[in-house]
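**Student:** dropping a prediction and its sequence here:
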Amino acid sequence: MSQGFVMSEVGHIVNLIPPVDITGGATGDRFSMENWTHASIIVQVGVSAAAFTKIILRECDAASGGNAVDIAFTLYAEETALGDTLGAKEDVAATGRTPSANNTIFYVIELDARHLADGFHWVELALTNGSNSVIGSAVAVLSGGRFANALSETVLV
C-alpha cells in the first residue's frame, strides 16, 4: 500500500500570480530557492482572446530582482480539452515558450535549484503579453526543503 504526500507540510506553496487579466503582461512575485531543491511552477490560462506572447523564467541575485537573467527551463504542456494530459518534456530556451491560444490550458515548469547560477537563488516568472485579454494565474510548489515543516518560513522576503 502506498501513501501520498501532504503538499502543505512537505512543501511550500507560493501564489505567484493570482488569477488576473494579464493584458500588457504580468510578473510574478520573486521567490527564493535558497532552502529548497526544486520548484514546480504551474501556469494556468482560463480564457484568452489570443495567445499571450511568452512564458519566461529568470534567475536573480537579490529579492529586488537585481541582475535578472532569463534562463532555460523544462516545461510540460497541457494544451488539450482533456485538462489532465501533460505532453512530453520540453527543454525551453532562455528566450521563453510561446503558449497556445486555447482556453483552459496549463503548463508545468520544473526547475532544480542546482541549475541556478552561483549566488542567484531568486526566481521570477514573467508572462509577456501585448493587448490580448488573457485570464491567467501561476503558483509555485517548492519541494526538497532543508527546513520544511507544516509552518515553513516565507520565501518572498
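**Tutor:** Alright, I've got the coordinates.
**Student:** quick one: the strands in this structure, in order.
**Tutor:** 12-21, 26-27, 31-32, 38-48, 54-60, 69-71, 73-78, 90-92, 105-112, 122-128, 134-143 (DSSP state E).
**Student:** parallel or antiparallel, list what pairs with the longest one.
**Tutor:** Each strand paired with strand 38-48, and its direction, by DSSP bridges: strand 105-112 (antiparallel), strand 134-143 (antiparallel).
**Student:** same deal with the third one?
**Tutor:** Sheet pairing here is set by DSSP bridges, and for strand 31-32 it gives strand 122-128 (antiparallel).
**Student:** and the contacts of the partner strand?
**Tutor:** Contacts to strand 122-128, defined as C-beta atoms under 8 Å, 6 or more residues apart in numbering, come from residues 16-17, 22, 25-28, 30-33, 39, 41, 43, 52-63, 65, 68, 96, 109, 111, 116, 136, 138, 140. C-betas here are computed from N, CA, C, even on glycine.
**Student:** for stretch 75-93, same thing?
**Tutor:** Under the criterion C-beta under 8 Å, 6+ apart, residues 55, 72-74, 97, 99-100, 102, 104-110 lie in contact with stretch 75-93.
**Student:** go with 6 Å
**Tutor:** Contacts of stretch 75-93 from elsewhere in the structure, counted by C-beta atoms under 6 Å, 6 or more residues apart in numbering, are Ala72, Phe73, Thr74, Arg97, Ser100, Asn102, Ile105, Phe106, Tyr107, Val108, Ile109.
**Student:** mind checking how far the fifth one is from Arg58?
**Tutor:** Which is Ser100. Here Ser100 is placed at a distance of 22 Å from Arg58 (C-beta to C-beta, to the nearest Å).
**Student:** the more surrounded of these two?
**Tutor:** More neighbours sit around Arg58 than around the other of Ser100 and Arg58, counting by other C-beta atoms under 10 Å; the figures are 20 against 15.
**Student:** quick one: residues contacting the residue nearest to the spatial centre of the chain.
**Tutor:** The C-alpha lying nearest the average C-alpha coordinate of the chain belongs to Ile41 (C-alpha atoms, centre = their mean; 3.0 Å). Listed by C-beta under 6 Å, 6+ apart, the contact set of Ile41 reads Ile109, Ala140.
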